[in-house]
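A.B. asks: need a structure here:
(one chain, ligands or ions: 1)
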Amino acid sequence: MKIAFIASECDPFVKTGGLADVVSSLPKALKELGHEVIIILPLYNSIRRKNFKIEPFFDSMGVWMGAGIQEWCAVRKTVTQDKVPVFFIEYDHYFARDGLYCDNLNRDYADNAARFAFFSRAALQLLKDMDFRPDVVHAHDWQTAPVAAYIKRWEWGNSGIDKAAAVLTIHNIGYQGVYHADAYKYCGFGEWDFLPDIFEDHGRINFLKGGIHFADMVTTVSPTYAKETTTGGQSYGLAPYLNNKKDKYIGILNGVDYSAWDPANDKLIPVKFSYDKMEGKAVCRGMLKQKFRLDNSKDVPVLGIVSRFADQKGLDVFAGAVERILNGMAVQVAILGAGDTNLESYFGWLPSIMPGKAGSYIGYNNDIAHLIEAGSDFFIMPSRYEPCGLNQIYSLRYGTLPIVRNTGGLADTVVQYNEKTGDGTGFKFDYLSVDSIFDTVGWAVSTYFDRPEHLKKMRKTAMLQDFSWTKSAKEYEKIYKNISLHGKQK
Ligand code: ADP
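C.D. replies: Numbering: from 1, shown residues only. Okay, the predicted model is just below:
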């Protein structure tokens, strides 16, 4: 099959979260299954053109938008290490900015609706102009949700675009792309689609809702999150529209790219290790303690965090518990993250009041993320909601036992510790509160000191879990085949 991924992020070119990991590793896995896959991205300022050998492809490409406006952009191209072609829509007016979606003060760009409607339209224009003739166009999150609507609503001549099946994957329903209705005309959809069941949301445009309506198949990134988003509580208002899709909405667990995240071949950690050769993990822990200025004179386990500081992640509640944890237990914390300015200040300051017990790095740093995964004993994700979560899956492979709230993909990937048998791969709690976090970290720390044989067994079980893309890619392949054959809606 010919499959086009249209997305706003893709590792290693540009990444703010797990979406980028998926858009990089799923195409690779699909290619290995024998499909022809390409990726289309916006060319942001931050993408290093020379490093990635991004070359001119089309010097100019005209893209009609609504209200009779035509934009002129250019297209560039490179290939990934795995030989997947990647095309970039170059349009400085929209993408030559410091941020992807927000300015330096974390405010959405005022023209985001126009920016990503344009990108969605331009990506399809590229498929048409290069005569790609896709069987499936796979869009991701609100930024490219309009792709499905353009496929169904625009005139595509004999380019084959309107024959393509549209798949939309929701990586996080907390972000829907809700903007002022003024941009609707420019997007180029008809008034008849500005309805509460389609694009309209309390007088504003809701990109994700429109995309859900038009997509032939909507997926999300774990089975539990699919359930949570159709039963109300976690859907941010979209449960009715997802329920309308019936069996056209399913959860497929994300895989992870073990070529980048496996201690047995991780080039970014000081010493490699595996479940049957664990000495290297102790060295990594020593390096981690050194880097984060943690006291290394006694055997004290380390609790790691690598996260965006966003409301979703529950770290505000962890912040309420961490001083009590560090005062009351023999454990240390190593925190890497950025985002919410209050949390940045708090976690940035914590080491000064807890010297030797807490270390933090405020910012984005992939090397340190790998060191934390490798050197920590436990990894905490107290998320309010978590569509899939990648870090806990990485943690499992590094023998770093996850402590997680029992929600979304965390529920699907971590198996609760059984204190009688030593079975399980981590520690789960249901209710998000300071007390639950304190108690569950306490449970993990007491297991470390009092039941070391269980800890060893859990580590081995965790490291042998397999969440590679092979299985999930086959599930995507199945739905692609289904909808491109007979599931396409008119
Ligand atoms: P989300 O997509 O909600 O941010 P995931 O767990 O699915 O959460 O994916 C997060 C990805 O981003 C992981 O690959 C993680 O290592 C990375 N990451 C998050 N914050 C940082 C950071 N401050 N520095 C380096 N990597 C980070």
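A.B. asks: list, one by one, the residues from this structure near the ligand.
C.D. replies: Along the chain, the residues adjacent to the ligand under the rule Cβ under 6 Å from any ligand atom are 17-18, 21, 306-308, 336-338, 364-366, 369, 388-391. Yep, even glycine has a C-beta here, placed from its N, CA and C like the rest.
A.B. asks: among those, which ones are in strands?
C.D. replies: Val306, Ser307, Arg308, Leu336, Gly337, Ala338 (DSSP state E).
A.B. asks: and the third one, what pLDDT?
C.D. replies: Arg308 is assigned a pLDDT of 93 by the prediction.
A.B. asks: quick one: contacts for it?
C.D. replies: Each residue near Arg308 by Cβ atoms under 8 Å, 6 or more residues apart in numbering is listed here: Thr16, Gly17, Gly337, Ala338, Gly339.
A.B. asks: most remote residue from the chain's center?
C.D. replies: In the chain, Ser297 marks the outermost C-alpha relative to the chain mean, sitting 37.2 Å out by Cα atoms, centre = their mean.
A.B. asks: and that residue, which of the three is it?
C.D. replies: coil (DSSP: H, G, I helix; E, B strand; the rest coil).
A.B. asks: just use 13 as the starting number from now, easier for me
C.D. replies: Yep, numbering from 13; the last one is Ser309 now.
A.B. asks: residues contacting Met77?
C.D. replies: Glu83, Ala129, Phe130, Arg133, Tyr198, Cys199, Gly200.
A.B. asks: again, but for Gln155
C.D. replies: Ala19, Ser20, Tyr113, Phe128, Phe131, Ser132, Gly189, Phe219.
A.B. asks: which ones are touching the third one?
C.D. replies: Meaning Tyr113. Ser20, Thr28, Asp120, Tyr121, Asn124, Gln155.
A.B. asks: was I right about the third one contacting Arg127?
C.D. replies: This points to Asp120. No - with contact defined as Cβ atoms under 8 Å, Asp120 does not count as touching Arg127 (10.2 Å).
A.B. asks: between these two, who's got more neighbours?
C.D. replies: Arg127 (22 against 15; other Cβ atoms under 10 Å).
A.B. asks: for the ligand, what's the nearest residue on the stretch 163-312 of the chain?
C.D. replies: Distance from the ligand to each residue of the stretch 163-312 of the chain (Cβ to the nearest ligand atom) is smallest for Asn184, at 6.2 Å.
A.B. asks: run through who's touching the helix or strand harbouring Ile491.
C.D. replies: Assigned by DSSP states H and E, Ile491 belongs to helix 481-494. For helix 481-494, contacts defined as Cβ under 8 Å, 6+ apart pick out 13, 15, 37-38, 40-42, 44-45, 47, 147-148, 177, 179, 229, 231, 262, 264-269.
A.B. asks: count of residues packed around the residue of the chain found nearest the ligand?
C.D. replies: Closest contact between the chain and the ligand, by Cβ to the nearest ligand atom, is at Gly30 (2.5 Å). By the criterion of other Cβ under 10 Å, Gly30 has 24 neighbours.
A.B. asks: residue contacts, the residue nearest to it when sequence neighbours are not counted?
C.D. replies: Leaving out its chain neighbours, the residue that sits closest to Gly30 by Cβ to Cβ, 6 or more residues apart in numbering is Leu402, at 4.8 Å. Each residue near Leu402 by Cβ under 8 Å, 6+ apart is listed here: Gly30, Asp33, Asn266, Val268.
A.B. asks: pLDDT-wise, what's the bottom of those residues?
C.D. replies: Scoring the contacts of Leu402 by pLDDT puts Gly30 last, at 85.
A.B. asks: surely that one and Gly401 touch.
C.D. replies: Yes - using Cβ under 8 Å, Gly30 is in contact with Gly401, at 7.3 Å.
A.B. asks: before we move on, back to that, need the ones in strands among the residues of the chain next to the ligand in JSON lines (columns: distance to Glu465).
C.D. replies: Listed next are those as JSON lines, based on distance: Cβ to Cβ, whole Å:
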{"residue": "Val318", "distance to Glu465": "28"}
{"residue": "Ser319", "distance to Glu465": "31"}
{"residue": "Arg320", "distance to Glu465": "36"}
{"residue": "Leu348", "distance to Glu465": "31"}
{"residue": "Gly349", "distance to Glu465": "33"}
{"residue": "Ala350", "distance to Glu465": "38"}
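A.B. asks: where do the strands of the stretch 313-462 of the chain begin and end?
C.D. replies: Applying DSSP state E, counting those that start in this stretch to the stretch 313-462 of the chain gives strands spanning 314-321, 344-351, 370-374, 390-393, 413-417, 439-441.
A.B. asks: wait, I meant the stretch 113-262 of the chain
C.D. replies: Under DSSP E, counting those that start in this stretch, the stretch 113-262 of the chain gives strands at 148-152, 177-182, 190-191, 212-213, 216-218, 229-232, 261-263.
A.B. asks: mean neighbour count and mean pLDDT for those - can I get that in JSON lines?
C.D. replies: Output for these, formatted as JSON lines (neighbours: other Cβ atoms under 10 Å; pLDDT from 0 to 100):
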{"stretch": "strand 148-152", "mean neighbour count": "28", "mean pLDDT": "98"}
{"stretch": "strand 177-182", "mean neighbour count": "27", "mean pLDDT": "98"}
{"stretch": "strand 190-191", "mean neighbour count": "21", "mean pLDDT": "97"}
{"stretch": "strand 212-213", "mean neighbour count": "19", "mean pLDDT": "98"}
{"stretch": "strand 216-218", "mean neighbour count": "22", "mean pLDDT": "98"}
{"stretch": "strand 229-232", "mean neighbour count": "25", "mean pLDDT": "98"}
{"stretch": "strand 261-263", "mean neighbour count": "20", "mean pLDDT": "97"}
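A.B. asks: could I get those strands as CSV with distance to Ile52?
C.D. replies: CSV is the format used below for the strands of the stretch 113-262 of the chain (distance: least, Cβ to Cβ, whole Å):
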stretch, distance to Ile52
strand 148-152, 9
strand 177-182, 14
strand 190-191, 22
strand 212-213, 26
strand 216-218, 22
strand 229-232, 19
strand 261-263, 24
